[in-house]
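*Asks:* I'd like to go over a predicted model; first the sequence, then the structure.
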Amino acid sequence: MHYEIMLVTKNSDQQRKITVMDLRANKTITFLLNELDKSDLDEDLKNFIDLHINKIKRGDFDYFGNQQ
């Protein structure tokens, strides 16, 4: 796979926003998790997310900013 999860944040509606790096195309891709099935994202990316869905939902990649 040529993707890496960079970070996951939650928007004001508590929906997870995922940013991944496409290492082949040298670009980032950002999308909402709940729109994954509706989107026109590459099937390889959807499969990559499916492999990591439990970690994403558990919060392993969550970014909270500069909390003090």
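*Replies:* Yes, it's here.

*Asks:* for this protein, just list every one of the strands.
*Replies:* Using DSSP state E, the strands of the chain run over 3-10, 16-22, 27-32.

*Asks:* Leu7 touches Met21, doesn't it?
*Replies:* No - look at Leu7 against Met21 with C-beta atoms under 8 Å: they stay out of range, at 10.1 Å. (C-beta placed from N, C-alpha, C; glycine too.)

*Asks:* what about this structure, any weak spots by pLDDT?
*Replies:* Counting by pLDDT under 70, the chain has low-confidence residues at 66-68.

*Asks:* show me the residue at the heart of it, geometrically.
*Replies:* With distances taken as C-alpha atoms, centre = their mean, Ile18 lies nearest the centre of the chain, 2.6 Å away.

*Asks:* now do the contacts for that residue.
*Replies:* 5, 7-8, 30-33, 49, 56, 61 (C-beta atoms under 8 Å, 6 or more residues apart in numbering).

*Asks:* which of those residues count as buried?
*Replies:* 5, 8, 31, 33, 49, 56, 61 (16 or more other C-beta atoms under 10 Å).

*Asks:* give me the distance between the third one and Asp62.
*Replies:* Computed as C-beta to C-beta, to the nearest Å, the Phe31 to Asp62 distance reads 16 Å.

*Asks:* quick check: beta-bridge partners of Ile5?
*Replies:* Val20 (DSSP bridges).

*Asks:* pretty sure it is touching Phe61, no?
*Replies:* Yes - Ile5 lies in contact with Phe61 (C-beta under 8 Å); the separation is 5.0 Å.

*Asks:* find residues that contact each of the two.
*Replies:* 18, 52.
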